[in-house]
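> kindly return the folded structure for what I paste below:
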Amino acid sequence: MPPSSTEGPGQSTGRVVDGKYHVLRLLPGKGDVMRLLAEHPGIGRMVELRMLSPRAEPDGLAQRLLEREARTLGSAPSPHIQSVMDSGIDGGRPYVVLEALEGPSIGELVGTQGLAVDRAARLVMQTLAAVRALHGRRIVARSLSPESFVVVTKMDGEMVKLRGLDRAEFLDADASELPVPFSPYLAPEIRRGSDGRDIRVDIYSVGALFRHLITGQTRGGEVDDELASRAILRAMSDDPDERFPNADVCMQAVAVCAPPDELPVARKLPDDPLVRDLHYLALRRRTRHGKTLDEDRSGSTVELGFALLTIEAIYRRLGAQTWTRLVDEVPLVESLLPSAGQTGRYGVNGVPLELFEKVLEAADHVGGQDDLGLLAEIADVMVERGVHRLFPELGASPSAEAIVDGFPFLWSRVRRRGRAEVQGREERTAKLVVAEQHGASLELSGLFGAVIRSLLRAAAGPRADVSVLKSAALGDDVDTFVARW
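Coordinates of the predicted model:
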């Protein structure tokens with residue numbers, strides 16, 4: 001029978017909603033939306049009902065939130081998002097029927113001790129799968145927190161389900177102007193007054209969630225695992241432009257922390273800072289997304305002069321015997337040698353990027369550790385042979401400032417595609433960016449960053465260094481290097 005206007009939450013147990021849902025008990029919740037566990041007697045299925053409490057104002061904020069949550073959950077079907085099954089009106093009050101979820105929220109699961117990094121990473125990858133489904137439908141959650149996700153135990157492990165989306169925004173519709181309550185997981189730009197209609201606000205929240213899972217602390221907490229720390233620090237960057245650009249790229253970084261059994265990952269990275277970055281990027285590529293993005297790379301080339309100096313350096317670094325092994329892996333490398341008589345064609349058209357990349361991959365395989373670290377050694381040999389041979393326009397002994405200021409020009413002597421620029425320049429540090437490459441290569445980007453470092457060290461001493469922060473080959477919008485000298 002329909003409830004009276006004075007019915008309280010406790011009186012809901014035992015009643016039948018809309019003539020078909022038998023209420024079993026009240027579920028934990030807050031605000032003016034009640035959560036009820038119910039059964040559909042006709043099919044014997046357990047469901048969750050969400051409906052306005054009697055005290056809620058009709059057509060008020062609570063009803064708007066309930067309707068928005070139902071629309072959002074129903075708009076992005078995913079195994080990791082609680083599904084909407086039905087909706088209706090009972091006694092003048094709207095209700096929504098969702099799949100019943102049994103299990104703790106992520107917040108309840110963690111407690112105060114935190115979880116092992118690999119378990120935390122597996123849970124976070126599932127939260128990112130839910131976020132990816134939302135973003136694919138042009139929806140931004142804006143207010144993700146540990147209470148937004150339920151962990152359901154399955155035969156094959158833990159399944160994470162997103163259940164709370166009442167503050168979400170549809171990017172293809174006008175802004176809702178719904179307020180977003182403060183939480184430690186809220187992106188800083190929302191705290192500063194932004195409406196949060198940007199998918200990167202959800203990336204921030206997931207980063208904060210990952211930190212919470214590891215440390216057990218709502219705010220702060222030390223993350224000792226470097227692989228996890230790298231993912232968290234980037235996801236939680238105060239500047240949205242420095243975060244992962246989407247859920248896929250963030251998932252790639254989190255996946256490094258929980259690799260498949262057949263791809264074990266060394267938890268300690270190399271000591272050399274640049275090699276450390278290259279090794280980390282190689283891990284990201286191995287554990288999740290394969291070699292490159294699905295992108296048309298036809299016509300992508302490397303300038304012949306740079307390619308020839310690279311091959312010479314590889315030969316000098318590996319020696320004749322190991323070079324023979326490289327040729328066995330990439331026979332076409334011999335077509336690049338002047339003796340092959342094809343330098344005229346390559347000089348006009350450039351060396352195909354895929355061929356150049358295969359040569360670097362083979363060198364890393366036969367003479368290195370398959371972790372891109374050999375690129376730094378190859379770059380050192382290239383610069384030792386003489387800066388004037390590598391970039392004649394720089395002269396024999398360029399200053400560090402000349403190298404940094406000439407970054408766009410140097411890139412043009414390596415590739416014909418891509419817009420290179422110096423975006424940030426301070427005293428003895430600079431942010432160097434390559435955008436619009438239309439066919440990016442992790443090997444080429446790594447080698448070019450290593451060449452810049454070798455040039456800077458030749459000019460300013462061994463303390464000069466280069467960090468590789470972003471890689472377009474792994475899904476970032478640009479390649480980003482930070483030079484210090």
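
> the residue nearest to the spatial centre of the chain and D239, how far apart?
Residue closest to the average C-alpha location in the chain (CA atoms, centre = their mean): C250, at 1.5 Å. For C250, the distance to D239 equals 15 Å [CB to CB, to the nearest Å]. For the C-beta atoms, the positions are set from N, CA and C on the backbone; glycine is no exception.

> where does this structure have its least confident helix or strand?
When the helices and strands of the chain are scored by mean pLDDT, DSSP states H and E, helix 387-390 comes last with a mean of 84.

> restricting to C-alpha, output stretch 99-114 in CSV.
The C-alpha trace of stretch 99-114 is given here as CSV (Å, rounded to 0.1, in the frame of the first residue of the first chain):
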residue,chain,number,x,y,z
GLU,A,99,21.5,-4.3,-9.2
ALA,A,100,22.1,-5.2,-5.6
LEU,A,101,25.7,-5.1,-4.6
GLU,A,102,27.0,-7.0,-1.6
GLY,A,103,30.4,-6.1,-0.3
PRO,A,104,32.3,-3.3,1.4
SER,A,105,33.1,0.0,-0.1
ILE,A,106,36.7,0.6,-0.9
GLY,A,107,37.0,2.9,2.1
GLU,A,108,35.7,0.1,4.4
LEU,A,109,38.0,-2.4,2.8
VAL,A,110,41.2,-0.4,3.4
GLY,A,111,40.8,0.5,7.0
THR,A,112,43.8,2.4,8.3
GLN,A,113,46.6,0.0,7.4
GLY,A,114,46.5,0.2,3.6
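
> show me what counts as buried in it.
E99, A100, L101, G103, S105, I106, G107, L109, V110, G114 (16 or more other CB atoms under 10 Å).

> stretch 140-156 too?
Within stretch 140-156, the residues that qualify as buried are V140, A141, R142, S143, L144, S145, P146, E147, S148, F149, V150, V151, counting by 16+ other CB under 10 Å.

> what's the closest of those to S83?
Proximity of the buried residues of stretch 140-156 to S83 (CB to CB) peaks at V150, which lies at 12.7 Å.

> list the helices and strands the helix or strand that contains that closest one packs on?
Element membership of V150, judged by DSSP states H and E, is strand 149-154. Contact here means 3 or more CB pairs under 8 Å, 6 or more residues apart in numbering; DSSP states H and E; on that basis strand 149-154 packs against helix 106-110, helix 117-136, strand 157-162.

> point out the most buried one among the ones you listed.
With neighbours defined as mean count of other CB atoms under 10 Å, these peak in mean count at helix 117-136, which reaches a mean of 22.

> next SSE after it?
Using DSSP H and E, the helix or strand that follows helix 117-136 in sequence is strand 139-140.

> list the strands paired with that next one, with their directions.
strand 169-170 (antiparallel) (DSSP bridges).

> what residues of whichever helix or strand comes after the partner strand count as buried?
Using DSSP H and E, the helix or strand that directly follows strand 169-170 along the chain is helix 188-191. Neighbour counts over helix 188-191 (16+ other CB under 10 Å) mark E189, I190 as buried.

> that'll do, ta.
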